[in-house]
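Trainee: Quick one: sequence plus predicted model below, questions after.
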Amino acid sequence: MFGEGPRDARVVLVGEQPGDKEDVAGEPFVGPAGQLLDRALADSGIERSATYVTNIVKHFKWTPRGKRRIHQKPNATEVNACWPWLEAEVNAIGPDIVVCLGATAAQGILGRQFRVTQQRGEILESSHGWRVTATVHPSAILRADDREQQYEAFVRDLRAVAALLAGQAA
């Protein structure tokens, strides 16, 4: 599944992989994590319609559990296999910043040594010449015991992206 958004988006948001809801709908970030992302973008002053949203892995990796399809974390081989599509998406758009949502996206773009817990919110340059920052994936907030605190930190990260964009000419 490819991403969606305007070709002139200044922000590209990169998640891990489509979830069950996304796989069924054929659109990225439309499930519970996508709804939380939409709320956080609005709270941070970034319009979702002005962003391009995609995933580093283009397919939903899952295992059956009864009638449900349960998410499985993609491995490095799957990330590498999908890399050409992500690279083409980002290069075609040419955003001001790429925001990695979660460790899989961040490590796929910035290298396996990257740690969201330690480097969250830092503005870095990838080996591909992209300006990149990383934060948690919205699904991690949904699973957290301290959801409100995690949500507030997520919005702070996105506000920093909004401030960076505001400081640059459109």
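Mentor: Perfect, I can see it now. Numbers count the residues shown, from 1 in each chain.
Trainee: neighbouring contacts of the lowest-mean-pLDDT helix or strand in the chain?
Mentor: Each helix and strand of the chain was given a mean pLDDT (mean pLDDT, DSSP states H and E); the minimum falls on strand 68-71 at a mean of 78. Strand 68-71 has contacts (C-beta atoms under 8 Å, 6 or more residues apart in numbering) with Gln17, Gly19, Asp20, Asp23, Phe60, Lys61, Trp62, Thr63, Pro64. Using the backbone N, CA and C atoms, a C-beta is placed for each residue, glycine as well.
Trainee: ranges for the helices of the protein?
Mentor: Secondary structure of the chain by DSSP state H: the helices cover 20-25, 32-44, 76-93, 103-110, 116-119, 138-143, 147-166.
Trainee: now those helices in JSON lines, with mean pLDDT, distance to Val11 and mean neighbour count?
Mentor: Formatted as JSON lines, the helices of the chain follow (pLDDT from 0 to 100; distance: least, C-beta to C-beta, whole Å; neighbours: other C-beta atoms under 10 Å):
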{"stretch": "helix 20-25", "mean pLDDT": "89", "distance to Val11": "19", "mean neighbour count": "16"}
{"stretch": "helix 32-44", "mean pLDDT": "97", "distance to Val11": "9", "mean neighbour count": "18"}
{"stretch": "helix 76-93", "mean pLDDT": "95", "distance to Val11": "9", "mean neighbour count": "15"}
{"stretch": "helix 103-110", "mean pLDDT": "96", "distance to Val11": "14", "mean neighbour count": "24"}
{"stretch": "helix 116-119", "mean pLDDT": "94", "distance to Val11": "18", "mean neighbour count": "12"}
{"stretch": "helix 138-143", "mean pLDDT": "96", "distance to Val11": "15", "mean neighbour count": "18"}
{"stretch": "helix 147-166", "mean pLDDT": "97", "distance to Val11": "6", "mean neighbour count": "16"}
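Trainee: now those as TSV including distance to Ile70?
Mentor: Formatted as TSV, these follow (distance: least, C-beta to C-beta, whole Å):
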stretch	distance to Ile70
helix 20-25	8
helix 32-44	14
helix 76-93	16
helix 103-110	16
helix 116-119	23
helix 138-143	13
helix 147-166	21
